[in-house]
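Asks: no sequence on this one, just coordinates:
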Ligand code: AMP
């Protein structure tokens, strides 16, 4: 399909019709849900969709339902013009940018009760976060009935939550997972990195460093998971993070904490640097 520049739509109806028309014309459709402030992490998902699908739709919506009352909804960056320019470069076909009322009219009251996998980690620290994610993602899948949806492993638990919802609610869409894109020094790209002062930017490196530490310990034969978590915490606290939400060494499918590392595990971390909360993770083994 590839128009010169993407079609920009703001209503559900326009988005639905555009995707249906693309499918009717025989195109495989990919969708990339985002909250905007696009960086190379987001763009890697978009590139993959463009490579694999004849028609790619990107959504930009800062979803209020997934922010807690003391979180950064009001200050979340919204550089729409720069986002559209980046998407134009990548030959995206459709960009859906609804406003809040388009997604949540004033009398909106239906929310998804997210699957059990949403309970640990982010679920403990950010109550209702995955309820908001699950609800908006299901809405977006209905508004843009694509063949495939692209998500980043950066939000690893979110990826598992969405896979579960798609499987258990029989949503006819393939979920594609894309690897984490990092800065050369290891920091995972995030829209929230713009909040960091130069000192916090330096301290933020301790997130990827603690994951590296965990991988090194496992490689050197360490199997005691609590000892590894302890070492991860030490890297973070010595690196100057202000508060730890969690340090986890978990089963990659169930997110249950492991006691012994006997197969592949996922290391996951969430920490605060000043007012900014960052997450990171990696697969080990
Ligand atoms: P967000 O705008 O933060 O909701 O992210 C939109 C999508 O981009 C999600 O699927 C994220 O997991 C993904 N994403 C964000 N940062 C990265 C990154 N550094 N590498 C890969 N994917 C990412």
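Replies: On my side now, so go ahead. Quick caveat: nothing in here was measured; it's all calculated off a predicted structure. Numbering: from 1, shown residues only.
Asks: List the beta-bridge partners for the residue in the stretch 101-250 of the chain that the ligand sits nearest to.
Replies: The minimum distance from the stretch 101-250 of the chain to the ligand, using CB to the nearest ligand atom, falls at residue 152 (2.2 Å). Backbone N, C-alpha and C define where each C-beta goes, glycine included. Here residue 152 sits in beta bridges with residue 178, going by DSSP bridges.
Asks: Could you double-check that it sits in contact with residue 175?
Replies: No - with contacts defined as CB atoms under 8 Å, residue 152 does not count as touching residue 175, sitting 11.5 Å away.
Asks: Which residue does the stretch 1-150 of the chain have closest to the ligand?
Replies: For the stretch 1-150 of the chain, CB to the nearest ligand atom, closest residue to the ligand: residue 41, 2.4 Å.
Asks: and that residue, how many neighbours?
Replies: Applying other CB atoms under 10 Å, we find 20 other residues in the vicinity of residue 41.
Asks: name the element it belongs to?
Replies: Here residue 41 sits within helix 40-52, counting by DSSP states H and E.
Asks: other SSEs contacting that helix?
Replies: strand 29-34, strand 55-60, strand 148-152, strand 174-178 (3 or more CB pairs under 8 Å, 6 or more residues apart in numbering; DSSP states H and E).
Asks: relative orientation of the helix or strand following the third one and strand 148-152 in degrees?
Replies: This means strand 148-152. As assigned by DSSP H and E, the chain's next helix or strand after strand 148-152 is helix 156-168. If you take axes from the mean of the first three to the mean of the last three CA atoms, to 10 degrees, helix 156-168 sits at 160 degrees to strand 148-152.
Asks: Could I get the pLDDT score of the residue of the chain most remote from its centre?
Replies: Relative to the C-alpha centroid of the chain, counting by CA atoms, centre = their mean, residue 221 is the outermost residue, at 31.4 Å. Residue 221 carries a pLDDT value of 98.
Asks: That one belongs to a strand, doesn't it?
Replies: No - judged by DSSP: H, G, I helix; E, B strand; the rest coil, residue 221 forms no part of a strand; its state is coil.
Asks: residue contacts, it?
Replies: Not one residue lies near residue 221 by CB atoms under 8 Å, 6 or more residues apart in numbering.
Asks: can we see that at 10 Å?
Replies: residue 261 (CB atoms under 10 Å, 6 or more residues apart in numbering).
Asks: Could you do residue 13 as well?
Replies: Residue 13 makes contact with 102, 143, according to CB under 10 Å, 6+ apart.
Asks: what about the closest residue to residue 82 other than its chain neighbours, neighbour count?
Replies: Residue nearest to residue 82 in three dimensions, not counting chain neighbours: residue 38, with 7.6 Å by CB to CB, 6 or more residues apart in numbering. Residue 38 is flanked by 26 other residues according to other CB under 10 Å.
Asks: For residue 38, which three-state class applies?
Replies: Look at residue 38: counting by three-state DSSP, its state is coil.
Asks: That one is in contact with residue 46, isn't it?
Replies: Yes - Residue 38 is within contact range of residue 46, at 8.0 Å (criterion: CB atoms under 10 Å).
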